[in-house]
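In: Take a look and give me a structure for this.
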Amino acid sequence: MKFELQHTDAKSSARAGEITTDHGKIETPIFMPVGTVGSVKGVHFRDLEDDVKAQIILGNTYHLYLRPGLDVLKAAGGLHKFNGWTKPMLTDSGGYQVFSLSDNRKLTEEGAMFRSHLDGSKHLFTPENVVDIQRVIGADIIMALDECPPGDAEYEYAKKSMALTHRWLKRGVDHFDNTEPLYGHSQTFFPIVQGAGYRDLRTQSAEFIASQNREGNAIGGLAVGEPTEVMYEMVELVNGILPKDKPRYLMGVGTPANLLENIALGVDMFDCVMPTRNGRNGMLFTSEGILNMRNEKWKNDFSPVDPNGTSFVDHHYTKAYLRHLYVSKEMLAAQIGSMHNLTFYLWLVREARKHIIEGDFAQWKDVMVKKLTTRL
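Out: Residues are numbered from 1 along each chain as shown. Here you go, the predicted structure:
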């Protein structure tokens, strides 16, 4: 993987760059649609490419490991061959499931023992075998195993958790460096900064992660219940330490306004289930604000969802029609809502990139954030 930093905004830390992988180029800043089980829920890959203009998608190691399983993925020649997506992919390590499935897991020095949510069977994820699993999946960018503590974690817990993540990372780095990709394309390995909402821990973690000298770095353990101001404070702190010549990936974030504020702080890559999950439930994001499509006020509104034409939806469907689909619990509503929100997110990061290059990002961002947080 290569990263070229092309522009930096004069009044913020916003950056425009380009990541090159064996499956293609990615212009940053970028939002990555989440494809947990090898599909972006309810959206065809054709539409992801043509309308959403996605440049990279995610897969989830925990879910793909359980189903369809490594034997199927290996026999297919990796996830790219299995699902037909030809552009870059990133896989997480399963570490977030360690956090989100805390009732079904046990942490040890060796790794994370899970009970499958499918059948209750026990599985151990170690820093080494999550590298092996992600070799089999075959993503272009793979993640280190980490523990993601909750946003309100006590200091001592967060400190022990961070130290465990660092010890796991050293083992993961060694194993990655001593193994090879399986399908003839290169893979790159990102470590993850942890430390909850504590400045000294985040500083230690960012310094340790930077010292590993990998091709890119991630920031984890944010947007997990802490106040938004704490997230921004931690991102700004960490990005002041992580190397400027490598991409920075903020995991699991977030709202459209979160994206712009974190781009201003120097983040290059994002992922989040919010656009598809909220789209399925009738919350649509637009350049003028947030719409609840079930509201009575849209019943006779035959205008487009976004008057600025940020999405293919705006050229085909009115607010009134979409409200009708949601109220009728029509499957098409969830599909259109997911498509609209993903298209809007990708439009938003393209616009951010354009304004970074043109030199007026900071002013544009301040105007946009006010709009993006308005409920219409």
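In: what is the mean pLDDT for stretch 16-32?
Out: Averaged over stretch 16-32, pLDDT sits at 98.
In: how far does that stretch sit from the chain's center?
Out: 13 Å (CA atoms, centre = their mean, to the nearest Å).
In: does the closest residue to Leu201 other than its chain neighbours sit in a helix, a strand or a coil?
Out: The shortest distance from Leu201 to any non-neighbouring residue, by CB to CB, 6 or more residues apart in numbering, is to Gly195 (3.3 Å). From N, CA and C alone the C-beta is placed, and that goes for glycine too. For Gly195, the secondary structure call by DSSP: H, G, I helix; E, B strand; the rest coil comes out as coil.
In: For the stretch 201-350 of the chain, which segments are assigned as strands?
Out: 217-219, 248-250, 269-271, 283-286, 289-292 (DSSP state E, counting those that start in this stretch).
In: One more: the stretch 51-200 of the chain?
Out: 57-60, 89-92, 105-107, 112-115, 122-125, 141-143, 188-190, 192-193.
In: Double-check the residue nearest to Leu201 against Gly220; I have them as touching.
Out: No: judged on CB atoms under 8 Å, Gly195 makes no contact with Gly220 at a distance of 9.4 Å.
In: how about the strands of the stretch 51-200 of the chain in TSV, adding distance to Lys329 and mean pLDDT?
Out: Compiled in TSV, these are given as follows (distance: least, CB to CB, whole Å; pLDDT from 0 to 100):
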stretch	distance to Lys329	mean pLDDT
strand 57-60	27	96
strand 89-92	32	97
strand 105-107	35	85
strand 112-115	33	88
strand 122-125	36	92
strand 141-143	36	98
strand 188-190	40	98
strand 192-193	39	98
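In: For this protein, list the residue farthest from the centre, please.
Out: Residue farthest from the centre of the chain, counting by CA atoms, centre = their mean, is Asn300 at 36.2 Å.
In: Count the neighbours of the closest residue to Gly94 other than its chain neighbours for me.
Out: With sequence-adjacent residues excluded and distances taken as CB to CB, 6+ apart, Gly94 is closest to Tyr62, at 3.9 Å. Counted with other CB atoms under 10 Å, residues neighbouring Tyr62 total 25.
In: contacting residues for the residue nearest to Leu201?
Out: Taking CB atoms under 8 Å, 6 or more residues apart in numbering, we find Gly195 in contact with Ala158, Met162, Leu201, Arg202, Thr203, Gln204, Ser205, Ala206, Gly221, Met234.
In: same check, this time on Phe208
Out: Contacts of Phe208 (CB under 8 Å, 6+ apart): His166, Leu169.
In: And His355, its phi and psi?
Out: Per-residue torsions, His355: phi -70, psi -30 (degrees, to the nearest 10).
In: Show me where the protein dips below the pLDDT cut-off.
Out: In the predicted model of the chain, residues 98-99, 101-102 satisfy pLDDT under 70.
In: Could you rerun that using 80?
Out: 95-104 (pLDDT under 80).
In: Ile26 belongs to a strand, doesn't it?
Out: Yes: per three-state DSSP, Ile26 lies within a strand segment.
In: Now it. Nearest residue, chain neighbours left out?
Out: Per CB to CB, 6+ apart, closest to Ile26 is Ile19, 4.2 Å.
In: Then Pro149?
Out: Closest to Pro149 by CB to CB, 6+ apart is Ser161, at 4.6 Å.
In: any idea how far the one you found is from His117?
Out: 22 Å (CB to CB, to the nearest Å).
In: Which one of the two is surrounded by more residues?
Out: Neighbours were counted for Ser161 and for His117 using other CB under 10 Å; Ser161 has more, 23 against 12.
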